[in-house]
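Participant: Got a predicted structure plus its sequence, pasted below:
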Amino acid sequence: MKRLLPFILLLLCSSALAESGAYRVEVVVFRNLAVIAEAEEVEELRSFSHFPALEEKPLPENRPESGSPKVPAGDLPVSYRSDLPDDLKVITDKGAQMDDVWRRLRSSKNYRPLIYSAWEQNRTDYYPPMRIHDQQIIDTQLRPPMDIMVADLSADDPLAAYRSVFYQIDGGVQLKRSRFLHLYLDLEYRELKPRTVRDTGLLGDDANTDVIEADNTETGNLGAGNTTDYQVFSLKQNRQIQTGRLQYFDTPHFGVLVLVSAIAADPTGRRD
């Protein structure tokens, strides 16, 4: 038994080294301009606010300057989530391969790149889906988990904790490892249908039945007699993948390119 102990320790050490390191996940969302697709019509949008976002929450002194897209306070990504491992690393610069992919899509007549998101995660811990969205807000709604809401009167937005923000492109991407690597995508591209005012007889006998109104996506207040539906294009797929290979997920309306790279462990224990 004493002779086997060094061999067992060596095996354990080799296994630990094999599990160390990280995976880098790079995601590009793009539109297909050459195909006209049929969308699903829904009355209520799905909220992806339970997925942790990659961006850090801006501090008061670092809030966007005037003219920048304004994100409501209730949907500002948090800088720390208890459901995320501490070593999550957000990547802001495109890798060489994904930078080439982005430029090719941008120069194409049939495609348009929309979002780039990337992060690194270790190879051992469980990671929830990472929330990916653009900055185009199409609606904001109060969706409390219960019938009672407690307002924070000291805050700029007293009901920020219950406010959900709905982006044109929104969803989650998750890399999970069991025996094999799997990539889960749950993304939506949403559009607001034209709002209509139902005829109440107040416009006269010769008036049209419906009058098309301009969209007002900031308040979400449709007014009496107005109706709104949303057009949703969904991409929901689960696939076993290999590192180092560009993965292509698509629908007729939009698609996603994902590159997962294996990052070797640093002998010093650092990730960068």
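Facilitator: Okay, I see it. Numbers count the residues shown, from 1 in each chain.

Participant: mind listing the helices for the stretch 51-200 of the chain?
Facilitator: 96-107 (DSSP state H, counting those that start in this stretch).

Participant: ranges for the strands of it?
Facilitator: 89-91, 111-122, 130-133, 137-142, 163-167, 169-177, 181-192, 195-198 (DSSP state E, counting those that start in this stretch).

Participant: most neighbours per residue, which of these?
Facilitator: Mean neighbour count (mean count of other C-beta atoms under 10 Å) peaks for strand 130-133 among the strands of the stretch 51-200 of the chain, with a mean of 23. Glycine gets a C-beta too; all of them are placed from N, C-alpha and C.

Participant: contacts for that one?
Facilitator: 25, 27, 29, 48-49, 51-54, 77, 115, 117, 119, 167, 169-174, 187 (C-beta atoms under 8 Å, 6 or more residues apart in numbering).

Participant: Residue 157 and residue 149: what is the separation?
Facilitator: Distance of residue 157 to residue 149, given as C-beta to C-beta, to the nearest Å: 12 Å.

Participant: Same check on residue 233?
Facilitator: Going from residue 233 to residue 149 by C-beta to C-beta gives 32 Å.

Participant: Which of the two has more residues huddled nearby?
Facilitator: Legend: neighbour count by other C-beta atoms under 10 Å for residue 233 and residue 149, higher for residue 233 (20 against 12).

Participant: Look up the closest residue to residue 122, ignoring the ones flanking it.
Facilitator: Of all residues not flanking residue 122 in the chain, residue 22 sits nearest, at 5.3 Å (C-beta to C-beta, 6 or more residues apart in numbering).

Participant: Tell me how many other residues crowd that neighbour.
Facilitator: Residue 22, neighbours per other C-beta under 10 Å, totals 21.

Participant: Equivalent analysis for residue 127, please.
Facilitator: 19.

Participant: residues in contact with the residue lying closest to residue 171 once chain neighbours are set aside?
Facilitator: With C-beta to C-beta, 6+ apart as the criterion, residue 171 has its nearest non-adjacent residue at 3.3 Å, and that residue is residue 187. By C-beta under 8 Å, 6+ apart, the residues touching residue 187 are 29, 132, 169, 170, 171, 172, 173, 234, 235, 236, 256.

Participant: Which of those sits closest to residue 108?
Facilitator: residue 29 (14.7 Å; C-beta to C-beta).

Participant: For the nearest residue to that closest one once chain neighbours are set aside, give me the pLDDT.
Facilitator: Residue nearest to residue 29 in three dimensions, not counting chain neighbours: residue 115, with 4.2 Å by C-beta to C-beta, 6+ apart. Predicted confidence (pLDDT) for residue 115: 95.

Participant: So residue 115 sits against residue 167, correct?
Facilitator: No: Residue 115 is beyond contact range of residue 167, at 9.9 Å (criterion: C-beta atoms under 8 Å).

Participant: overlap in contacts of the two?
Facilitator: 133, 134.

Participant: partners of residue 111 in the sheet?
Facilitator: residue 32 (DSSP bridges).

Participant: Repeat that for residue 132.
Facilitator: residue 171.

Participant: Do I have it right that the residue nearest to residue 122 meets residue 125?
Facilitator: No: with contact defined as C-beta under 8 Å, residue 22 does not count as touching residue 125 (10.5 Å).

Participant: residues contacting residue 138?
Facilitator: 45, 166, 167, 168, 190, 191, 192, 217, 230.

Participant: Which of the residues you listed lies at the shortest distance from residue 39?
Facilitator: residue 191 (7.0 Å).

Participant: Span of stretch 151-160 from start to end?
Facilitator: Stretch 151-160 has its terminal residues 8 Å apart, counting by C-alpha to C-alpha, to the nearest Å.

Participant: and what of stretch 169-188?
Facilitator: End-to-end distance for stretch 169-188, by C-alpha to C-alpha: 6 Å.
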